[in-house]
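Chemist: Return atomic coordinates for the entry below.
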Amino acid sequence: MKYEIQGGQLPVVVCQLEAGEQMLTSSGGMSWMSDNLVMETGVRGGLAKGIKRSISGESMHMTTYTAESRPGMIAFASSFPGSIRAIELAAGQSIVCQRSSFLASTSGVDIEIFFQRKFGTALFGGEGFIMQRLTGPGIVFVEIDGAAIEYDLASGETMKIDTGHVAMMDASVTMDITRVKGFKNVVFGGEGLFLATLTGPGKIMLQSMPTNKVAGKIAPYIATG
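Modeler: Residues are numbered from 1 along each chain as shown. The predicted model follows:
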């Protein structure tokens with residue numbers, strides 16, 4: 001399967017499928033396609049797995065698109081200004097992403113719920129208790145809010161991150177929360193009480209424009225009726 005990411009800060013990934021190749025997306029995720037692709041929608045993996053998937057921010061129903069008799073084209077557009085990243089996963093390899101970051105993938109990728117191991121992360125972390133685990137084999141396309149910045153953390157190396165900027169991390173990276181020290185820092189620093197703490201080894205991907213911060217900036221200008 002060949003693909004190209006187009007559109008700059010309003011991105012779309014255009015995939016060219018050979019006959020017999022398939023793409024998977026959440027219900028309603030397709031933007032446009034050639035007329036020879038066949039779509040099939042269902043609760044992939046059964047009802048229980050579909051419910052868990054919906055808790056992680058995806059649709060309970062998934063749609064598979066197949067190029068049947070000849071090559072075809074299908075496109076998936078991002079739902080928010082930012083970036084689309086293509087991640088190639090080997091069999092059994094996993095990444096952990098923010099909720100609703102999954103855009104589309106080849107049919108072999110598995111999408112499931114991921115719970116943070118520590119309750120403090122669940123209660124106070126900007127990413128919340130529930131994230132997504134994407135497991136190969138296959139290529140997966142994920143949405144990033146704003147620009148995507150990557151870091152490789154060595155074993156035991158830690159980075160503190162403002163709430164909401166965590167987009168993706170290897171499954172080997174652990175996430176916890178750290179309390180901001182100092183009364184003036186808490187009251188006037190603007191970062192809140194806690195920061196997300198990611199510890200290696202593994203790769204992390206941060207996003208420059210979390211949707212919750214964008215919403216907070218425009219909220220004062222929206223008429224409340």
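Chemist: just checking, next helix/strand downstream of the lowest-mean-pLDDT helix or strand in the chain?
Modeler: Least confident helix or strand of the chain, by mean pLDDT, DSSP states H and E, is helix 183-188 with a mean of 44. Following helix 183-188 in sequence order, the next helix or strand is strand 194-199 (DSSP states H and E).
Chemist: what packs against that next one?
Modeler: With contacts defined as 3 or more CB pairs under 8 Å, 6 or more residues apart in numbering; DSSP states H and E, strand 194-199 has these neighbours: strand 158-161, strand 166-170, strand 174-179. From N, CA and C alone the C-beta is placed, and that goes for glycine too.
Chemist: Of all these, which one is nearest Ser27?
Modeler: strand 166-170 (22.6 Å; CB to CB).
Chemist: Adjacent strands (with direction) for that closest one?
Modeler: strand 94-97 (antiparallel), strand 202-207 (antiparallel) (DSSP bridges).
Chemist: Give me the angle between that strand and strand 194-199.
Modeler: 20 degrees (axes from the mean of the first three to the mean of the last three CA atoms, to 10 degrees).
Chemist: what's in contact with strand 166-170?
Modeler: Residues outside strand 166-170 that contact it (CB atoms under 8 Å, 6 or more residues apart in numbering): 85, 87, 94-98, 101, 126-127, 142, 144-145, 148, 175, 196, 198, 201-207.
Chemist: Stretch 209-225 too?
Modeler: Phe80, Pro81, Gly82, Gly126, Asp145, Gly146, Ala147, Thr163, Gly164, His165.
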